[in-house]
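> Using only what follows, build the 3D model:
(4 chains)
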There are 4 protein chains.
Amino acid sequence: MSDTEHLDLQSVLDDIYAAVEPRRGEGKVADYIPQLARIDPKSFGMAIVTVNGKVFSVGDAAVPFSIQSISKVFTLTLALGKHGERLWKRVGREPSGSAFNSIVQLEHEGGKPRNPFINAGAITISDLILAGHTPREVIGEILRFMRMLADDEDISIDPQVAKSEAATGFRNAALANFMRSFGKLDHPVEHVLGVYFHHCAIAMTCVQLARAGLFLANNGQQPGTGHSIVSRQRARRINALMLTCGHYDGSGDFAYHVGLPGKSGVGGGIMAVAPGKAAVAVWSPGLNENGNSQLGSVALEMLANRTGWSVFGA
Amino acid sequence: MSDTEHLDLQSVLDDIYAAVEPRRGEGKVADYIPQLARIDPKSFGMAIVTVNGKVFSVGDAAVPFSIQSISKVFTLTLALGKHGERLWKRVGREPSGSAFNSIVQLEHEGGKPRNPFINAGAITISDLILAGHTPREVIGEILRFMRMLADDEDISIDPQVAKSEAATGFRNAALANFMRSFGKLDHPVEHVLGVYFHHCAIAMTCVQLARAGLFLANNGQQPGTGHSIVSRQRARRINALMLTCGHYDGSGDFAYHVGLPGKSGVGGGIMAVAPGKAAVAVWSPGLNENGNSQLGSVALEMLANRTGWSVFGA
Amino acid sequence: MSDTEHLDLQSVLDDIYAAVEPRRGEGKVADYIPQLARIDPKSFGMAIVTVNGKVFSVGDAAVPFSIQSISKVFTLTLALGKHGERLWKRVGREPSGSAFNSIVQLEHEGGKPRNPFINAGAITISDLILAGHTPREVIGEILRFMRMLADDEDISIDPQVAKSEAATGFRNAALANFMRSFGKLDHPVEHVLGVYFHHCAIAMTCVQLARAGLFLANNGQQPGTGHSIVSRQRARRINALMLTCGHYDGSGDFAYHVGLPGKSGVGGGIMAVAPGKAAVAVWSPGLNENGNSQLGSVALEMLANRTGWSVFGA
Amino acid sequence: MSDTEHLDLQSVLDDIYAAVEPRRGEGKVADYIPQLARIDPKSFGMAIVTVNGKVFSVGDAAVPFSIQSISKVFTLTLALGKHGERLWKRVGREPSGSAFNSIVQLEHEGGKPRNPFINAGAITISDLILAGHTPREVIGEILRFMRMLADDEDISIDPQVAKSEAATGFRNAALANFMRSFGKLDHPVEHVLGVYFHHCAIAMTCVQLARAGLFLANNGQQPGTGHSIVSRQRARRINALMLTCGHYDGSGDFAYHVGLPGKSGVGGGIMAVAPGKAAVAVWSPGLNENGNSQLGSVALEMLANRTGWSVFGA
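Residues are numbered from 1 along each chain as shown, chains lettered A, B, ... in the order given. Prediction:
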């Protein structure tokens, strides 16, 4: 009998939904690109997929949203597949202690990003995935990977979002050019940013996202197909990185309150992993001061409290 | 039946001991105070205390060593008991992204330390524990707390170490004066540092230390006595803080390789917690480049691999 | 005929006095020690002493005030006399690009202060002057030096100010302990700070101060006595340091508007040097956002405009 | 009779030439673009143009070299002509306290560069000069300005250098994109960098450069034509900026040793101004650790010592 069998997860989700209802619209919706600013700030969806394959959901769990930085978990997974542990010569594994797009540490540390989840690190990961291929090929590869993981061919990249990112992504262009100035990128800045902007523009629903992350809750295997996506050890390690670095300069706070490995995106999504139990996705566009979904964090804290899924104790 | 029953933990420890044997002496022993520099660099001890009360140990597990920063976990626990969650107005909960004794972030953030485990944060915690009492009273209180947790009246403070810390602790004096200049300490710098230097000078064995940390593995309760040291939630939260901030600028790396909440000290000790299973202490004086016990980290990684205790998946 | 003969300097001072009259009280009086906060914010005095020995003054030019950081010019002069150019192994010569009491750069640059006029640098200079002597001896030496330069035995140290500096100088204690932690101070922190706090507490009038700085306007020689205080080259170099570093993070601005080497203090004084022409002192307690006397800066800009004394062109 | 009449400036130059002869080739030639790396490291030229119109020169004073950052003095002059003192809302006037291409301060200060002579500041100046025009128009305007100032129609932009700058200028692209991300550039990054890369690629001889800077030594007027290039006050102010910020993080050192306002470039040139006396240009490609011409600095120190031209005293 699985640890999750005794829990009525649908009731838990329903309770969470009711609890956040009066707070819908809290936080500040990201407005740096028009496509994000236009989202209904009261959207709220949440989905749980257990390692037994059960799916529970509530609210706007079937509405696609821009996964943004959550995609970094999957590009990291791909890059580890291509480069193995050598990857860590190019990116660190430590929390950054500063904003997600800070350029300061990059200067102090010679162009080597602190971890793969800050923007500079994820841009480096895009460079690593390119590995001599064209941006188009690599973007296709990432998309196919997401579809395979979520077992859903409908997942796509929002071309408007990708275009807006490219048009307004001056900070990311600064980061990429800066790393290039240290000789830390192998491919042209435009190619690297092309890949980066496109994987951030992938649109997914909560259900799709929870399904895609399930291998991380299941020792690296997809429960449905039995496919081994990564080794047991690698699954643990990616979870560790999410826990220490997954929420920018709010990672400590998220660990403190929620206690689950997770990764947030400025589109308002968070994907979280309860090892051995389930993958969870939540979406609520309003962000807190650290750039993480405000109600999404609240909802996951409630979930952790109700289920006892915190990795830090029941 | 407990999760740990099927494991032959003594064999695991013996194997670890054999594996690190040829590497004894690796790393750099802290030499900033004479008492630490004098330790035999080849010392190695390790102890596991399970939530069922079983004790396993190997090597120098009964030799007292200077617990140094590991004491910060216990002073934090005391301070949370006195001040509750208001404590977080004075100290942050985020990884620092820099060296344990950096003063830079303190300036940028107006004298508020990033977390209770960097030196500045622990000094603030000493200030909070003082709460109008004399340093002597408070030092006594900390010592009694440690003895109670470890169920061992033999634990004491090494007066030579405490004196050396005070005599050479210019960096800590800088941190304390700096915070005082921001109005962030309530008590005289000398009193605060007096408390700080003394709790860092507590000497304990691996067995004592694992016993003392056991409440964090057992939802806040001491298994033997049934005493509730902290609430379930608080135990989880302290574990979360150890995981994200417990190893200075090597916290991400420790999470990646070991996957257990833990706290290291420059004396070469590490205390780690496997929630629901056991508390572990390891001691080996040689430090790695981040100031954490080199073989201690290796030993804990082996332990996590052998036991499947990583919080991030089996 | 001297360059200054054709100028009616008394009229210039009278005009300046009239011009600042309606603005008296502008700026913020330093309040970090009670003795400074108690000063009448409307005080204003100014004095010019030409290399021909003529003295012109206006307003409160005969009222003693706390010279604070202006004293750093004189302790630097003393330290250069004792250690020569080797002194620069201990202190840099570059503008700091940050606040006068920043500790950040000190960490990045291993405890070596950027220049002798930021607090950390001046504390290092105090350490260098000590040179094995007692604080009492060295404080006496500094005071005698000031009396000799100003040709006035009445100059003294305000004991209340010195005591207040010591009691509240946590930031300076942080800087000193921090440098000591890098092994960058030769004497005990208390001794070094004792010297530093006392020379900052010297009280002088505008007339005394202008007289004391006159050697810097006269190629290192005192015009009256013919004594050579420093070599021509050293006089030029001290002037260069004042111009690039004399006004904390407002040094560029002061050079831009006034164009004279000068040194300010938080007591509201500024001493400026017109090479080959005169030394000037002005006092007005209200400080601008960079911690320099607001009306003092204005008055010196008017003076430079009227006299054509800017070192950057007529 | 002018102050400079009594000096045999040709002898002074000849002596300097002889003194640096054995040291030719010292320092490190900039190699970040091929065109600079290819220069003969033993090149050395120097020219003085007095306010009376006399020209003295020695060595390779008639060989064109890449003026690089020296051009920033002239683009600042142009931008001040277009925008007046409002310009300072966009750029500061303080020494940076860090490397010429640091991005750190830019982040801490919200995208406003510290002064017009660090790269970020000069890029902002290019943005200001654009003022709605095309890069081609503005590059033409800058070139005509240089030809007019030097009274020499032969001055041109080295297209190879400009192209190389563009191809390898990742750090500058990072700075520009970074400022754009703060909304601090009005024109497209490519346009702004186009202007910047081209004015840095202007090639001039020492004689041309000294002539071009002469207005700064002559109260803003060109001695030959009597044209007023800038007002007296503005000439003084540009000189002040050169003195405090003209040599990156070696500005304090240059002021200390030479005592003349000046601006260096990584091509190995330095233009210096002796107010009321002369403009000087020196060229020697080997750079010191701060990125300023090593022998050029030495030569100017000798010149200042021999002539007594230091602005800080005879």
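> Is it correct that residue A:298 falls within a strand?
No. In this structure, residue A:298 is helix, not part of a strand, as judged by DSSP: H, G, I helix; E, B strand; the rest coil.
> how near is it to chain B?
15 Å (CB to the nearest CB, to the nearest Å). Every C-beta, even on glycine, is put in place using the N, C-alpha and C of the backbone.
> same thing with residue A:83?
With CB to the nearest CB as the criterion, residue A:83 and chain B are 16 Å apart.
> Just the pLDDT for that residue.
As predicted, residue A:83 sits at a pLDDT of 97.
> residue contacts, residue A:73?
If you count contacts by CB atoms under 8 Å, 6 or more residues apart in numbering or on different chains, residue A:73 has them with A:117, A:213, A:216, A:238, A:242, A:246, A:263, A:271.
> could you redo the last one with a cut-off of 10 Å?
A:67, A:116-117, A:122, A:212-213, A:216, A:238-239, A:241-242, A:246, A:261-263, A:265, A:271, A:273 (CB atoms under 10 Å, 6 or more residues apart in numbering or on different chains).
> cool, residue A:41 as well?
A:24-29, A:268, A:284-286.
> The same query, at a cut-off of 7 Å, please.
Counting by CB atoms under 7 Å, 6 or more residues apart in numbering or on different chains, residue A:41 makes contact with A:25, A:29, A:285-286.
> can you map out the strands along chain A?
A:28-29, A:45-50, A:55-59, A:65-66, A:156-157, A:202-204, A:262-264, A:269-274, A:278-283, A:286-287 (DSSP state E).
> Direction included, what does the first one pair against?
Each strand that pairs with strand A:28-29, with its direction, by DSSP bridges: strand A:286-287 (antiparallel).
> ok, residues contacting the partner strand?
A:25-30, A:41, A:266, A:268, A:293-295.
> how about the strands of chain A in JSON lines, adding mean pLDDT, distance to residue D:180 and mean neighbour count?
Listed next are the strands of chain A as JSON lines, based on pLDDT from 0 to 100; distance: least, CB to CB, whole Å; neighbours: other CB atoms under 10 Å in any protein chain shown:
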{"stretch": "strand A:28-29", "mean pLDDT": "96", "distance to residue D:180": "22", "mean neighbour count": "16"}
{"stretch": "strand A:45-50", "mean pLDDT": "98", "distance to residue D:180": "35", "mean neighbour count": "27"}
{"stretch": "strand A:55-59", "mean pLDDT": "98", "distance to residue D:180": "38", "mean neighbour count": "21"}
{"stretch": "strand A:65-66", "mean pLDDT": "98", "distance to residue D:180": "23", "mean neighbour count": "28"}
{"stretch": "strand A:156-157", "mean pLDDT": "98", "distance to residue D:180": "25", "mean neighbour count": "18"}
{"stretch": "strand A:202-204", "mean pLDDT": "98", "distance to residue D:180": "26", "mean neighbour count": "25"}
{"stretch": "strand A:262-264", "mean pLDDT": "98", "distance to residue D:180": "26", "mean neighbour count": "31"}
{"stretch": "strand A:269-274", "mean pLDDT": "98", "distance to residue D:180": "28", "mean neighbour count": "30"}
{"stretch": "strand A:278-283", "mean pLDDT": "98", "distance to residue D:180": "31", "mean neighbour count": "31"}
{"stretch": "strand A:286-287", "mean pLDDT": "97", "distance to residue D:180": "23", "mean neighbour count": "23"}
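> circling back: selecting buried members of the contacts of strand A:286-287 in PyMOL, what would you type?
Buried subset of these, written as a PyMOL selection, criterion 16 or more other CB atoms under 10 Å in any protein chain shown:
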select buried, chain A and resi 25+26+27+29+30+41+266+268+293+294+295
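> Adding distance to residue B:234 as columns, could you present the contacts of strand A:286-287 in JSON lines?
Output for these, formatted as JSON lines (distance: CB to CB, whole Å):
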{"residue": "A:25", "distance to residue B:234": "32"}
{"residue": "A:26", "distance to residue B:234": "26"}
{"residue": "A:27", "distance to residue B:234": "27"}
{"residue": "A:28", "distance to residue B:234": "31"}
{"residue": "A:29", "distance to residue B:234": "34"}
{"residue": "A:30", "distance to residue B:234": "34"}
{"residue": "A:41", "distance to residue B:234": "34"}
{"residue": "A:266", "distance to residue B:234": "32"}
{"residue": "A:268", "distance to residue B:234": "30"}
{"residue": "A:293", "distance to residue B:234": "25"}
{"residue": "A:294", "distance to residue B:234": "24"}
{"residue": "A:295", "distance to residue B:234": "24"}
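> Just the ones of the contacts of strand A:286-287 in helices?
The helices, defined by DSSP state H, take in A:294-295 from these.
> from the contacts of strand A:286-287, which two are the most distant?
Greatest spatial distance among the contacts of strand A:286-287 (CB to CB): A:25 and A:266, at 16.8 Å.
> low-scoring stretches of chain A, by residue?
When residues are selected by pLDDT under 70, those of chain A lie in A:1-5, A:98-101.
> Within range of chain D, give me the residues from it.
A:102-104, A:107, A:170-171, A:173-174, A:177-178, A:180-181 (CB under 7 Å from any CB of the partner chain).
> and with 10 Å instead?
Chain A has residues A:32, A:98-99, A:101-108, A:168-185, A:189 near chain D, with proximity defined as CB under 10 Å from any CB of the partner chain.
> ranges for the helices of the stretch 201-314 of chain A?
A:206-217, A:232-245, A:251-257, A:294-307 (DSSP state H, counting those that start in this stretch).
> quick check: angle from the second one to helix B:232-245?
For helix A:232-245 and helix B:232-245, the angle between their directions (axes from the mean of the first three to the mean of the last three CA atoms, to 10 degrees) works out to 100 degrees.
> buried sites along helix A:232-245?
For helix A:232-245, by 16+ other CB under 10 Å, it's A:232-245.
> Stretch A:211-228 near chain B anywhere?
Yes. Using CB under 10 Å from any CB, stretch A:211-228 comes into contact with chain B via A:216-220.
> Tell me the span between the first and last residue of that stretch.
14 Å (CA to CA, to the nearest Å).
> swap in stretch A:154-165?
Stretch A:154-165: ends 22 Å apart by CA to CA.
> burial of the nearest residue to residue A:275 once chain neighbours are set aside, as a residue count?
Leaving aside its sequence neighbours, residue A:275 sits nearest to residue B:313 (CB to CB, 6 or more residues apart in numbering or on different chains; 4.0 Å). Here the count is done by other CB atoms under 10 Å in any protein chain shown, and residue B:313 has 26 residues near it.
> show me the contacts for residue B:313.
A:216-220, A:232-240, A:261, A:273-276, A:311, B:259.
> Likewise for residue A:111?
A:90, A:120, A:124, A:175, A:178-185.
> Any idea which residue of chain A lies closest to chain B?
In chain A, no residue comes nearer to chain B than residue A:97, which is 2.2 Å away by CB to the nearest CB.
> And for that residue, the neighbour number?
Residue A:97 - counted by other CB under 10 Å - has 22 other residues nearby.
> Just the contacts of residue A:111: which are in helices?
Reading helices off the contacts of residue A:111 with DSSP H, I get A:120, A:124, A:175, A:178-181.
> Switch the residues of stretch A:211-228 next to chain B over to TSV; also include neighbour count.
Formatted as TSV, these follow (neighbours: other CB atoms under 10 Å in any protein chain shown):
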residue	neighbour count
A:216	29
A:217	28
A:218	26
A:219	22
A:220	20
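> ok, these vs chain D, which is closest?
residue A:216 (32.5 Å).
> ok, now how distant is the closest one from chain C?
Applying CB to the nearest CB to residue A:216 and chain C gives a distance of 38 Å.
> Near the closest residue to residue A:240 other than its chain neighbours, how many other residues are there?
In space, and not counting its chain neighbours, residue A:240 is closest to residue B:255: 4.1 Å by CB to CB, 6+ apart. Residues near residue B:255, counting by other CB under 10 Å, number 34.
> for residue A:64, same thing?
Residues near residue A:64, counting by other CB under 10 Å: 18.
> correct me, but it touches residue A:201?
No. Counting by CB atoms under 10 Å, residue A:64 sits too far from residue A:201 to count as a contact (11.4 Å).
> who touches both of those two?
Joint contacts of residue A:64 and residue A:201 (CB under 10 Å, 6+ apart) are A:156, A:158.
> all helices of the stretch 51-200 of chain A, in order?
So, for the stretch 51-200 of chain A - with DSSP H, counting those that start in this stretch - the helices run A:71-83, A:104-108, A:119-130, A:135-150, A:159-168, A:170-181, A:189-200.
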